[in-house]
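S.K.: here you go, sequence then predicted model.
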Amino acid sequence: MIHTILFFFVLLSSYTSYADDLCVADLLLPNTPSGYPCKSETNVTVNDFVFSGLVPGSTINPFNFAITSAFVTSLPGLNGLGISAARADFGINGSVPVHTHDATELLIVVEGQITAGFITRTKVYSKTIKPGDLIVFPKGLLHFVVNSGVGKAVAFVAFSSSNPSTQILDTLLFGNNLSTSIIAETTLLDVSQILKLKAQFNGTG
Ligand SMILES: *[C@@H]1O[C@H](CO)[C@@H](O)[C@H](O)[C@H]1NC(C)=O
Ligand SMILES: *[C@@H]1O[C@H](CO)[C@@H](O)[C@H](O)[C@H]1NC(C)=O
Ligand SMILES: *[C@@H]1O[C@H](CO)[C@@H](O)[C@H](O)[C@H]1NC(C)=O
């Protein structure tokens, strides 16, 4: 008898914690450092866990690439689960500029040929990879992706965060009003090159 009660108790508590773990994002409420508030379970449907939007984006931009993302903001079921996805499309000679995320990224090539890598304090890890190959970019490290094949290329990526942020080196340096003289002094780049990049990334000053 005691065992039966214990069994039901364990069963009940495991179901309770399972239900408690589900916290589908209420996107009408503001995001918080620990994710979005949960929406009421009565309003949760299977569509909170499905996203059909990982379609090719437009590659008409200076880097000739497109990112389409499935983050918590478009797939509310990801809230609190520490995972998300994206799709990268590359035109001929397209690339993803050097950038970092506050999450680890895993990139899987599905079409074309890609040269990708990341940079640590002491070393560059870079390799040309093909469909079926994957590469992992550890959290926080600068990394890049280049279409090194003859045609277009497509990759899918996963992030260890449901809402990863991205810091693009070029945008940080040349896409704001950080003064040209400070950039020149602190990077040793030529002023003419800085002005050229500021024009490209809408920087001023
Ligand atoms: C469910 O969603 C509807 C429509 O957005 C809203 O009016 C209602 O308050 C929600 N129910 C709960 C229990 O949050
Ligand atoms: C791609 O890059 C290669 C090597 O730099 C160049 O020869 C080729 O013209 C480029 N193709 C396009 C379409 O820009
Ligand atoms: C740069 O822009 C910020 C607003 O984004 C402004 O407060 C600041 O004064 C600007 N600095 C310079 C040097 O123009």
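M.R.: In hand now; what should we look at? Quick caveat: nothing in here was measured; it's all calculated off a predicted structure. Residues are numbered from 1 along each chain as shown. Ligands and ions are numbered 1, 2, ... in the order given.
S.K.: now whichever residue of the chain sits closest to ligand 3, nearest residue through space, not along the chain?
M.R.: Nearest to ligand 3 in the chain, going by CB to the nearest ligand atom, is residue 177, at a distance of 3.7 Å. Every residue, glycine included, has its C-beta placed from N, CA and C. For residue 177, ignoring the flanking residues on the chain, the nearest one in space by CB to CB, 6 or more residues apart in numbering is residue 205 at 4.2 Å.
S.K.: dump the residue contacts of that neighbour.
M.R.: Applying CB atoms under 8 Å, 6 or more residues apart in numbering to residue 205 gives the contacts 177, 178, 179, 180, 198.
S.K.: ok, now residue 119?
M.R.: 98, 125, 141, 142, 143.
S.K.: ditto for residue 147
M.R.: 64, 65, 90, 91, 92, 93, 94, 95, 112, 113, 114, 153.
S.K.: out of these, which end up buried?
M.R.: Among these, those classed as buried by 16 or more other CB atoms under 10 Å are 64, 65, 90, 91, 94, 95, 112, 113, 114, 153.
S.K.: between those residues, which is closest to ligand 1?
M.R.: residue 65 (36.5 Å).
S.K.: still on that earlier bit, kindly give a single ChimeraX line that selects the buried subset of the contacts of residue 205.
M.R.: Entered in ChimeraX, the line below selects the buried ones among those, by 16+ other CB under 10 Å:
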select :178,180,198
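S.K.: tell me the one of the contacts of residue 205 nearest residue 164?
M.R.: residue 178 (24.2 Å; CB to CB).
S.K.: pLDDT score assigned to that closest one?
M.R.: pLDDT, residue 178: 97.
S.K.: equivalent analysis for residue 13, please.
M.R.: 41.
S.K.: and what of residue 19?
M.R.: 51.
S.K.: quick check: the residue nearest to residue 179 when sequence neighbours are not counted vs residue 192, distance?
M.R.: Nearest non-adjacent residue to residue 179, counting by CB to CB, 6+ apart: residue 205, 4.7 Å away. To residue 192, residue 205 is 15 Å away according to CB to CB, to the nearest Å.
S.K.: same check, this time on residue 167
M.R.: On the measure of CB to CB, residue 167 and residue 192 end up 25 Å apart.
S.K.: more neighbours, these two?
M.R.: Using other CB atoms under 10 Å, the more surrounded residue of residue 167 and residue 192 is residue 167, with 13 against 10.
S.K.: my guess is that one contacts residue 97, does it?
M.R.: No: with contacts counted by CB atoms under 8 Å, residue 167 stays clear of residue 97, the gap being 10.6 Å.
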